[in-house]
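**Student:** no FASTA, just this:
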């Protein structure tokens, strides 16, 4: 028997009906289903609820939502080397591979082991404050330094492997993986990069100069972002989901994480086809 942890997004209207289909599918299978306690009670399955589910003995995770739901779960389960598969009820579904029209078919393939696990590079974010270094968190898509509220344009110093590259006047800087190249970085003018490529991408947000361009660097290089001492109300965000405040004079260090995200994919899925049909739909 395998234990499957299901993570439905309570804010998605279709999550309840999808969860019902999933429970019905597994009812006569040799599978033990568990849900986070709050979600289990919210959706009417209290018997499946588990406290501290990210510490529970599970074999794989299933998310019901969009890519954001999958990112949040995958970021946690990557620390335990547990793969995650996404059921897409969001807008795009670059990472969440199962569409509603193929739900039961793909759940059967998961049971039969007819899938592959893609390992995706993750980022580690560290804050240097004075002489103190503090690890803050990991990200699958991106780590971003950005202004909060109505703060003025930021002055940010960018160094790579201790070599000063530029001092930017901008709304912020994005350090992303190839996986995150179709996220915030793309909106800021960054390139689309196949997620199989292991690299880091540095993209300025609305730079006040014409010579500031996105930079592709080695996955083994370390990015340092210095925040000018005069600035207030600055945020450091992880995958756009978790954040912390920076104080004037902080230095943000971004490097390759020691963990890899594990995402379940199927052989009938192709990255470029997904990009064409979901990112450029209506244009081809």
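**Tutor:** The structure has been received and is ready for your questions. If you're wondering where the values come from, they're calculated on a predicted model, not measured in any experiment.
**Student:** And stretch 201-212, end to end?
**Tutor:** 13 Å (C-alpha to C-alpha, to the nearest Å).
**Student:** So which bits of that stretch are buried?
**Tutor:** Of the residues in stretch 201-212, 201, 202, 203, 204, 205, 207, 212 count as buried by neighbour count, 16 or more other C-beta atoms under 10 Å. Quick note: C-beta positions are derived from backbone N, CA and C, even for glycine.
**Student:** shouldn't the fourth one be in contact with residue 212?
**Tutor:** Yes - using C-beta atoms under 8 Å, residue 204 is in contact with residue 212, at 4.7 Å.
**Student:** Any figure for the gap between residue 98 and residue 29?
**Tutor:** 16 Å (C-beta to C-beta, to the nearest Å).
**Student:** And these two? Which one has more around it.
**Tutor:** More crowded of residue 98 and residue 29, by other C-beta atoms under 10 Å: residue 98, with 26 against 14.
**Student:** Hmm, that one is touching residue 88, no?
**Tutor:** Yes - the criterion here is C-beta under 8 Å, and residue 98 meets it with residue 88 at 6.3 Å.
**Student:** follow-up on the earlier one: show only the entries of the buried residues of stretch 201-212 found in strands.
**Tutor:** Applying DSSP state E to the buried residues of stretch 201-212, the entries found in strands are 201, 202, 203, 204, 205.
**Student:** The second one - nearest residue in space that isn't next to it in sequence?
**Tutor:** So the one you mean is residue 202. residue 215 (4.5 Å; C-beta to C-beta, 6 or more residues apart in numbering).
**Student:** Return the residues in contact with the one you found.
**Tutor:** 160, 165, 201, 202, 203 (C-beta atoms under 8 Å, 6 or more residues apart in numbering).
**Student:** Was I right to think the first one contacts residue 217?
**Tutor:** Put plainly, it is residue 160. Yes - when contacts are counted by C-beta under 8 Å, residue 160 is listed as touching residue 217 (5.9 Å).
**Student:** so what sits against both of those two?
**Tutor:** Contacts common to residue 160 and residue 217, judged by C-beta under 8 Å, 6+ apart, are 202, 223.
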